[in-house]
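In: Provided below are the primary sequence and the corresponding predicted coordinates.
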Amino acid sequence: MIIHQYEKHLIVHYPYYIHKKLLQYVPPILIIIGTTGNVFSFLVLKRYASRIPMYSYLCVLSILDLLILYVGLLRLWVAQIWEVDPRNASQWMCKLVVFLGYVCSDASVWTIVTVTVERFLAVCKPLYLKSVFTSKRLTKIWLFVPIILFSAINSHFFFTVELRHIRNVSICYSMDSYDFLVHKTWPWVDAALYSFIPTVIISILNAKIVQAFIKAKKRRKLLRTHENLGYNRGSKKRKEKPSSRKFTVMMLLVSMCFLVTTLPNSTVLIVTALWNDYGESAENMATFTLINTITELLMYTNHAINFYLYCASGRKFRNQLMQLCSRRAMSRRCDSDNTLLNVYDSMHGRSLRSKDQGL
């Protein structure tokens, strides 16, 4: 465990020691879990994206989550283990890493918001769904709007941060003229874009979806009661597709997990923006650092576990995953069989040729 010069007065406090240990052991676990999950998610979803438009959004989400883990969490872990921060390697790396970290995080969250809006329309306003999401052109637009929008919003980092040399140490930090923007103003903007506004939108839409589910359940119960009593025998029943309902439940779980894992970190970031205004003891600083680390790791957990939420709540996704794995296993078996046949044929051919030569 590397202890920097500025940490020596903090490491004697137990909360700061726990903070260092968490950054040493938790990130590689999350990276392995997240890499495996996001890669499998992309492979499964890509196969069916042409038939199920929402899978295209989840494909993009898996790519963005993977980038977040490697641009943010991997860099954080490497800096703790080897004291090498890629962000401090050069001037352009400083600007690019900060820019990508913000863009990928914001775009990932708003992709979840987009899918939540689609599920809301599918459940509560089905007549509007076709005009907003169904066509391939609109799907592509909604796919790339968050990435383009947040690239424009966060483009200021290319001229507000720089690689600075402070006490013979190179560090990626804000320029003096933009210090208030980066450290005082932008935490509020980022918290609003990354957590607070999405939290409000997702919470309201999820409440509407759950309310619609409850009404639909009561309606089905009432229809069954009428059927048992002999009423409405000739009436046509409106059937809801089970696959659509299960996909909605799956996305409800994903969006609720987002709310639980990201809101604490955004709240701590706001407190961090105000923290520097007060002179606190080393013990309080160590405690606050530990809280910040826990919420940050919780935030990265959100970008690592979507695949496992899909598996836990979506039977169709599990079946598609099993089909993918069985096809891969079958293709490997066929390749192995073909290899053995080729070896056999070549050996059999050689034996025939040797007999011919002997004749």
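Out: Now that the structure is in, tell me what you want to look at.
In: for the one helix or strand R119 maps to, what is the average pLDDT?
Out: Counting by DSSP states H and E, the element that carries R119 is helix 91-124. For helix 91-124, mean pLDDT rounds to 92.
In: Now the element after it, going C-ward?
Out: On the C-terminal side of helix 91-124, the closest following helix or strand by DSSP H and E is helix 126-129.
In: to the chain's geometric centre, what's the distance from that next one?
Out: When distances are taken as Cα atoms, centre = their mean, to the nearest Å, helix 126-129 is centred 27 Å away from the chain's centroid.
In: Who are the packing partners of that helix?
Out: Contact here means 3 or more Cβ pairs under 8 Å, 6 or more residues apart in numbering; DSSP states H and E; on that basis helix 126-129 packs against helix 91-124. For glycine as for every other residue, the C-beta is placed from the backbone atoms N, C-alpha and C.
In: Now the helix it packs on: buried residues?
Out: Within helix 91-124, the residues that count as buried by 16 or more other Cβ atoms under 10 Å are 94-123.
In: what does stretch 297-306 give?
Out: L297, M299, Y300, T301, N302, H303, A304, I305, N306.
In: Show me which of the residues you listed is closest to P198.
Out: The nearest member of the buried residues of stretch 297-306 to P198, counting by Cβ to Cβ, is N302 at 11.7 Å.
In: Tell me if I'm right that the closest one and F258 touch.
Out: Yes. N302 lies in contact with F258 (Cβ atoms under 8 Å); the separation is 5.7 Å.
In: any idea how far I147 lies from K184?
Out: According to Cβ to Cβ, to the nearest Å, I147 and K184 sit 27 Å apart.
In: and if you look at L193?
Out: With Cβ to Cβ as the criterion, L193 and K184 are 16 Å apart.
In: Of these two, give the one with the bigger neighbour count.
Out: Legend: neighbour count by other Cβ atoms under 10 Å for L193 and K184, higher for L193 (21 against 13).
In: Apart from its chain neighbours, what residue comes closest to the more buried one?
Out: Once flanking residues are discounted, L193 sits nearest to D106: 5.4 Å by Cβ to Cβ, 6 or more residues apart in numbering.
In: Tell me who's in contact with the one you found.
Out: With contact taken as Cβ atoms under 8 Å, 6 or more residues apart in numbering, D106 is in contact with P146, F150, I153, N154, D190, L193, Y194.
In: ditto for Y194
Out: S105, D106, V109, T262, S266.
In: switch the cut-off to 6 Å
Out: By Cβ atoms under 6 Å, 6 or more residues apart in numbering, the contact list for Y194 reads S105, D106, V109.
In: got the buried residues for the helix or strand harbouring N292?
Out: Assigned by DSSP H and E, N292 belongs to helix 282-302. In terms of neighbour count (16+ other Cβ under 10 Å), helix 282-302 has its buried residues at 285-297, 299-302.
In: Need the buried residues of stretch 297-306 in JSON lines (columns: distance to I3).
Out: Shown next, in JSON lines, are these (distance: Cβ to Cβ, whole Å):
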{"residue": "L297", "distance to I3": "20"}
{"residue": "M299", "distance to I3": "25"}
{"residue": "Y300", "distance to I3": "23"}
{"residue": "T301", "distance to I3": "26"}
{"residue": "N302", "distance to I3": "29"}
{"residue": "H303", "distance to I3": "28"}
{"residue": "A304", "distance to I3": "28"}
{"residue": "I305", "distance to I3": "31"}
{"residue": "N306", "distance to I3": "35"}
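In: Export the residues you listed as TSV, with columns for distance to L61 and pLDDT.
Out: Converted to TSV, the buried residues of stretch 297-306 look like this (distance: Cβ to Cβ, whole Å; pLDDT from 0 to 100):
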residue	distance to L61	pLDDT
L297	20	95
M299	15	93
Y300	15	95
T301	15	95
N302	11	93
H303	9	94
A304	12	94
I305	12	94
N306	7	92
